[in-house]
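**Student:** coords please:
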Amino acid sequence: FAVFFPPRNTEKRSFCVKGKRILVVSQHYWPENFRITDICAGFAEDGCEVDVLCGLPNYPKGEWFEGYRYTGPRRESHAGVQIFRAGEIRRRGNTSLRIFLNYISFPVTALFNLPRLHGRKYDAVFCYETSPVLMMLPAVVYAKLHRVPLTTYVLDLWPENLYSVMRNKALRAVAAGVSHWFYRRSERLVAMSPALDERLAAIAPRAQRTVVPQYCEDLYAQDVHDAALESRFAGRFNVVFAGNISPAQNLPLLVECARRLKAADRRDVHFVIVGDGMSRDALEQEIAAAQKAGYDIAQHDGLLESF
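**Tutor:** Just a heads-up that it's a prediction; the model follows:
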């Protein structure tokens, strides 16, 4: 196996056996900013041969990155990793329809791109599963057809990630059945937290599991004193959210919190939202409406503040 789980008492976790070849399936990859690019570079540094089947870079704004279009390039090499790109409908405008089309287009086109990998003979398949769970389709099909183990790194749990926009109980049941079917096709599941690991144990009890948290570079662990930031945020209790702004995060709730805090004359609590995503425009509209109502809510490029 090219991907395996070492004993829990091992300090250094290695995921690669030198000389083995791994197929990595991930809709998002370099030059998009996802950790799977670092993971694959690490596989290659450890002596594995790594091929990536991915989409065309357009996340998060839905615009093709410079040098890319629907027609390609479809074959690249980066940091010792061979990249095979499948087509996808870009997220342009981040409307619900465009995101839905983006979600279903990649697994379908990636499935039809599997013949491009003919003859490469992988020892294992590794799926980096963000949303949607359907992106696992080409990984599952390849692993089953070629009888190689599939390891899935679960970062977005489905169908729970849909529940913020899916209220119908029947549709939820269908989504749960489809999602759980995909997870149960994996010999190994990697969770990014103990809580997620417990949920995966209930969904796929036969799969081997381990926990590998998301990480950050060492520079984020260093204390840095910035006088401008100190003067800007000092004297208040700051609640910071950094990440994707989508329905699943329900960030408009923070605007309502700001309203209630002001009504309670609590000026000491400060919400800071850093990020982007399909719901950013709607969130900005809620903030603008609050401003018209007389609430002290500020906006900055790339940063939303409510206080």
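**Student:** check contacts around the residue lying farthest from the centre of the chain.
**Tutor:** Distance from the centre of the chain peaks at Asp265, with 37.9 Å (CA atoms, centre = their mean). By CB atoms under 8 Å, 6 or more residues apart in numbering, the contact set of Asp265 is empty. No exception for glycine: its C-beta is placed from N, CA and C like everyone else's.
**Student:** Distance check, it against Glu286.
**Tutor:** 22 Å (CB to CB, to the nearest Å).
**Student:** Then Tyr128?
**Tutor:** To Glu286, Tyr128 is 33 Å away according to CB to CB.
**Student:** so where do the strands sit in the stretch 101-250 of the chain?
**Tutor:** 124-129, 150-154, 188-191, 208-211, 237-244 (DSSP state E, counting those that start in this stretch).
**Student:** Let me know which of the ones you listed is tucked in deepest.
**Tutor:** Ranked by mean neighbour count under mean count of other CB atoms under 10 Å, these are led by strand 124-129, which reaches a mean of 27.
**Student:** what's the average pLDDT for it?
**Tutor:** Averaging pLDDT along strand 124-129 yields 96.
**Student:** Summarise which helices and strands that strand is packed against.
**Tutor:** Contacts defined by 3 or more CB pairs under 8 Å, 6 or more residues apart in numbering; DSSP states H and E place strand 124-129 against strand 21-25, helix 137-146, strand 150-154.
**Student:** and of these, who's closest to Gln249?
**Tutor:** strand 150-154 (18.1 Å; CB to CB).
**Student:** picking that back up, out of the strands of the stretch 101-250 of the chain, which gets nearest to Cys54?
**Tutor:** Distance to Cys54, taken as CB to CB, is lowest for strand 124-129 among the strands of the stretch 101-250 of the chain, at 9.1 Å.
**Student:** Using CSV, write down the CA coordinates of that closest one.
**Tutor:** Extracted C-alpha coordinates of strand 124-129, given in CSV (Å, rounded to 0.1, in the frame of the first residue of the first chain):
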residue,chain,number,x,y,z
ALA,A,124,-3.2,3.3,-4.2
VAL,A,125,-5.8,6.0,-4.7
PHE,A,126,-6.0,9.0,-2.4
CYS,A,127,-9.1,11.3,-2.5
TYR,A,128,-9.0,14.7,-1.0
GLU,A,129,-12.7,15.2,-0.4
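**Student:** Sheet partners, orientation included, of that strand?
**Tutor:** strand 21-25 (parallel), strand 150-154 (parallel) (DSSP bridges).
**Student:** who wins for proximity to Tyr142 among these?
**Tutor:** Taking these one by one with CB to CB, strand 21-25 is closest: 6.4 Å.
**Student:** Show me which residues of the closest one are buried.
**Tutor:** Neighbour-count burial for strand 21-25 flags Arg21, Ile22, Leu23, Val24, Val25 (criterion: 16 or more other CB atoms under 10 Å).
**Student:** Please pull out the lowest mean pLDDT helix or strand from the protein.
**Tutor:** strand 297-300 (a mean of 46; mean pLDDT, DSSP states H and E).
**Student:** quick one, helices of the stretch 151-300 of the chain?
**Tutor:** Along the stretch 151-300 of the chain, the segments classed as helices by DSSP state H, counting those that start in this stretch run 169-184, 194-203, 227-233, 252-263, 280-292.
**Student:** now for the fourth one, which elements pack on it?
**Tutor:** Judged by 3+ CB pairs under 8 Å, 6+ apart, the packing partners of helix 252-263 are strand 269-276, helix 280-292, strand 303-306.
**Student:** pLDDT (mean, whole number) over the second one?
**Tutor:** Read that as helix 280-292. Computed over helix 280-292, the average pLDDT equals 80.
**Student:** ok, now the last one?
**Tutor:** Averaging pLDDT along strand 303-306 gives 49.
**Student:** shouldn't Pro247 be in contact with Leu283?
**Tutor:** No - the pair Pro247 / Leu283 is not scored as a contact, 10.5 Å apart, by CB atoms under 8 Å.
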